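K.L.:
Fold the following for me, if possible:
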Amino acid sequence: MARDQIDMTPLQSRDELVAWFEAGIKQPSEFRIGTEHEKTPFTLEGRQPVPYEGARGIGALLEGMQLLLGWEPIMENGNIIGLYDVTGGGAISLEPGGQFELSGAPLENVHQTQSELMAHLAQVREIATPLGIGFLGLGMTPSWSRSQIPMMPKGRYKIMTNYMPKVGQYGIDMMYRTCTVQTNLDFSSEADMVKKLRVSIALQPVATALFANSPFTEGKPNGFLSFRSEIWRDTDNARAGMLPWVFEDGMGFERWVDYALDVPMYFVKRGETYIDVAGSSFRAFFEGRNNSLPGERPTISDWANHLSTIFPEVRLKRYLEMRGADGVPWGRLPALPAFWVGLLYDNDSLDAAWDLVSHWTAAERQALRDDVPRFGFKARIKDRYLFEMAKECLKLSHAGLRRRNRVDHSGRDESRHLEPLERILEAGRTPAEEMLDKFNGDWGGSVEPVYQEYAF
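P.N.:
Numbering: from 1, shown residues only. Here you go, the predicted structure:
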């Protein structure tokens, strides 16, 4: 959720940092599903990036959405940069290059996720179409260069844009050119969190392959099926990756706190101002040793903001965030929460999934993660193709959703939302390979048709 939290209580002890996570523990009956997705706005005429300013810009789009929805505006230095639904808990925010994100409300089942999505898209269209704005459902902008894309007026993005080139070659691409869909899920205890975290990190490459959808850069195939996933391999390795230590004995909230304390910070927010502290650790800040804020102690808000700037394949906050999937067209979006809910919210499926991955070594998990952006289903772990793993995971997810037995108004359970993934496995190729076939065939070597076929 991109709304910077405001709780200015100074932190006194490491125990408070641990307690912040523990506050996320919920009874299984209280488990919710939060789904976030990003989409790339483009001008319907000319298919160019959409600037923030102007009568047909992103700012105007947000103002129109505010009038339509009655949501609270999120302002920064006089600019509207997002919207917040005070009653339901959903939000709309902007990524650095204008990618338009819906952070869905915490919902009880995937049917509600789909309804929320359909309502959101209808609302966005109502405002965007008269402004001449369309939206693309891909993991990466297929035709624009870095320099073409405008920066949204958010202080944290300026700081990140300056820092990124120092720590990896693709950070700017990550910020300005990629889109994801992710789902946020709950845990019932520290042990439950650890089990879900291990299973979901190990299996994140399966989701990456099933949703691989970013094969083009600047109008040409880039040699990858998920270039978005490849970008994360060299964005900033101090805050990304497969977290091998999660699988070691003694893993728990404290271990995550120790990890997060040493991750370099980007910024500290004071009032409307973002203070650039990029590169210094939260630990130094916690000990009063931050050069920009000498002697000052961090607040709960500083901690929450810092935790939102850590980008591993699965991120722990007061819930777990699945971060491995490319953005996709709207029909396939509910399949992501469905996939993970079936695996993680049903104990039998969770146990079976752990049996699948428990004997993998850190090196094997890493090799799979490294291979999947290029090879998709043809990546291997031990002596097995990822395609086989994906089939098994989908079976487990399907069984988990059937056992959950949350039915819609026509009596269908949530497993119906897996249908797009079942079709992908029947075809035996990732969405990116399907797109590359079109590029080399009907599209005649042009990516322009994506703006029709993969638009929302």
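K.L.:
then stretch 426-439 to PDB, C-alphas only?
P.N.:
Output of stretch 426-439 as PDB, limited to C-alpha atoms (Å, rounded to 0.1, in the frame of the first residue of the first chain):
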ATOM      1  CA  GLU A 426      -2.900 -27.000 -21.500                       C
ATOM      2  CA  ALA A 427      -1.200 -25.000 -24.200                       C
ATOM      3  CA  GLY A 428       2.200 -25.800 -22.600                       C
ATOM      4  CA  ARG A 429       3.600 -22.300 -23.100                       C
ATOM      5  CA  THR A 430       3.800 -19.100 -21.100                       C
ATOM      6  CA  PRO A 431       1.700 -16.000 -22.000                       C
ATOM      7  CA  ALA A 432       5.000 -14.400 -23.200                       C
ATOM      8  CA  GLU A 433       5.600 -17.300 -25.700                       C
ATOM      9  CA  GLU A 434       2.000 -16.900 -27.000                       C
ATOM     10  CA  MET A 435       2.800 -13.200 -27.500                       C
ATOM     11  CA  LEU A 436       6.100 -13.900 -29.300                       C
ATOM     12  CA  ASP A 437       4.300 -16.300 -31.600                       C
ATOM     13  CA  LYS A 438       1.900 -13.500 -32.500                       C
ATOM     14  CA  PHE A 439       4.800 -11.000 -33.000                       C
END
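K.L.:
list the buried ones in that stretch?
P.N.:
Buried positions in stretch 426-439, judged by neighbour count with 16 or more other CB atoms under 10 Å: 429-433, 435-436, 438-439. Where you see a C-beta, it was placed from the backbone N, CA and C, and this is true even at glycine.
K.L.:
pLDDT score assigned to residue 117?
P.N.:
What the model reports as pLDDT for residue 117 is 97.
K.L.:
quick check, it in a helix?
P.N.:
Yes. Going by DSSP: H, G, I helix; E, B strand; the rest coil, the assignment for residue 117 places it inside a helix.
K.L.:
Identify the residue nearest residue 309 in space, chain neighbours excluded?
P.N.:
Leaving out its chain neighbours, the residue that sits closest to residue 309 by CB to CB, 6 or more residues apart in numbering is residue 266, at 5.1 Å.
K.L.:
picking that back up, closest to residue 96 among the buried residues of stretch 426-439?
P.N.:
For the buried residues of stretch 426-439, the closest approach to residue 96 (CB to CB) belongs to residue 432, at 23.6 Å.
K.L.:
can you confirm the closest one is in a helix?
P.N.:
Yes. Checked against three-state DSSP, residue 432 lies within a helix.
K.L.:
how close does it get to residue 111?
P.N.:
28 Å (CB to CB, to the nearest Å).
K.L.:
Show me the shaky parts of the stretch 51-200 of the chain.
P.N.:
The stretch 51-200 of the chain contains no residues with pLDDT under 70.
K.L.:
Tell me if I'm right that residue 319 and residue 188 touch.
P.N.:
No. With contact defined as CB atoms under 8 Å, residue 319 does not count as touching residue 188 (11.6 Å).
K.L.:
Out of those two, name the residue with the larger neighbour count.
P.N.:
Neighbour count, other CB atoms under 10 Å: between residue 319 and residue 188, residue 319 has more, with 21 against 15.
K.L.:
residues touching the closest residue in space to that one that isn't next to it in sequence, list them.
P.N.:
Distances taken as CB to CB, 6+ apart put residue 184 closest to residue 319, at 4.7 Å, once the chain neighbours are dropped. In this structure, residue 184 makes contact with 33-36, 106, 317, 319-322, judged by CB atoms under 8 Å, 6 or more residues apart in numbering.
K.L.:
export these to TSV and tack on distance to residue 165?
P.N.:
Formatted as TSV, the contacts of residue 184 follow (distance: CB to CB, whole Å):
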residue	distance to residue 165
33	36
34	32
35	32
36	26
106	36
317	27
319	32
320	30
321	26
322	28
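K.L.:
Tell me the one among the residues you listed nearest to residue 345.
P.N.:
residue 33 (8.2 Å).
K.L.:
got the phi/psi numbers for the closest one?
P.N.:
phi -130, psi 120 (degrees, to the nearest 10).
K.L.:
What of residue 384?
P.N.:
Main-chain torsions, residue 384, degrees, to the nearest 10: phi -120, psi 140.
K.L.:
Quick check: end-to-end length of stretch 393-413?
P.N.:
Across stretch 393-413, the terminal residues are separated by 18 Å (CA to CA, to the nearest Å).
K.L.:
oh sorry, the question was meant for stretch 167-183
P.N.:
With CA to CA as the measure, the ends of stretch 167-183 fall 27 Å from one another.
K.L.:
So which bits of that stretch are buried?
P.N.:
Buried, per 16+ other CB under 10 Å, within stretch 167-183: 167-168, 170-183.
K.L.:
Can you give me the pLDDT of residue 1?
P.N.:
So residue 1 comes in at 39 (pLDDT).
K.L.:
which non-adjacent residue is nearest residue 18?
P.N.:
residue 253 (5.0 Å).
K.L.:
Tell me, how many residues neighbour that neighbour?
P.N.:
Neighbour tally, residue 253, other CB under 10 Å: 19.
K.L.:
I'd say it and residue 192 touch.
P.N.:
No. Using CB under 8 Å, residue 253 makes no contact with residue 192, being 11.9 Å away.
K.L.:
my hunch is that residue 339 is in a helix, does that hold up?
P.N.:
Yes. The assignment for residue 339 by three-state DSSP puts it in a helix.
K.L.:
Redo the contacts of residue 184 as CSV? Include secondary structure.
P.N.:
Below are those laid out as CSV (three-state DSSP):
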residue, secondary structure
33, strand
34, strand
35, strand
36, strand
106, coil
317, coil
319, coil
320, strand
321, strand
322, strand
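K.L.:
Please, where are all the strands along the stretch 251-400 of the chain?
P.N.:
Along the stretch 251-400 of the chain, the segments classed as strands by DSSP state E, counting those that start in this stretch run 267-270, 273-276, 311-312, 314-316, 320-322, 380-381, 384-385.
K.L.:
can you list those strands in CSV and add distance to residue 246, mean neighbour count and mean pLDDT?
P.N.:
Output for the strands of the stretch 251-400 of the chain, formatted as CSV (distance: least, CB to CB, whole Å; neighbours: other CB atoms under 10 Å; pLDDT from 0 to 100):
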stretch, distance to residue 246, mean neighbour count, mean pLDDT
strand 267-270, 26, 20, 94
strand 273-276, 30, 16, 95
strand 311-312, 9, 19, 98
strand 314-316, 8, 23, 98
strand 320-322, 11, 23, 98
strand 380-381, 17, 19, 96
strand 384-385, 22, 14, 97
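K.L.:
among the ones you listed, which is nearest residue 352?
P.N.:
Nearest of those (CB to CB): strand 384-385, 15.8 Å.
K.L.:
Which members of the buried residues of stretch 167-183 occur in strands, if any?
P.N.:
Members of these lying in strands (criterion: DSSP state E): 181-183.
K.L.:
what about residue 235, distance to residue 38?
P.N.:
Separation of residue 235 from residue 38 (CB to CB): 16 Å.
K.L.:
wait, residue 386
P.N.:
Distance from residue 386 to residue 38, by CB to CB: 25 Å.
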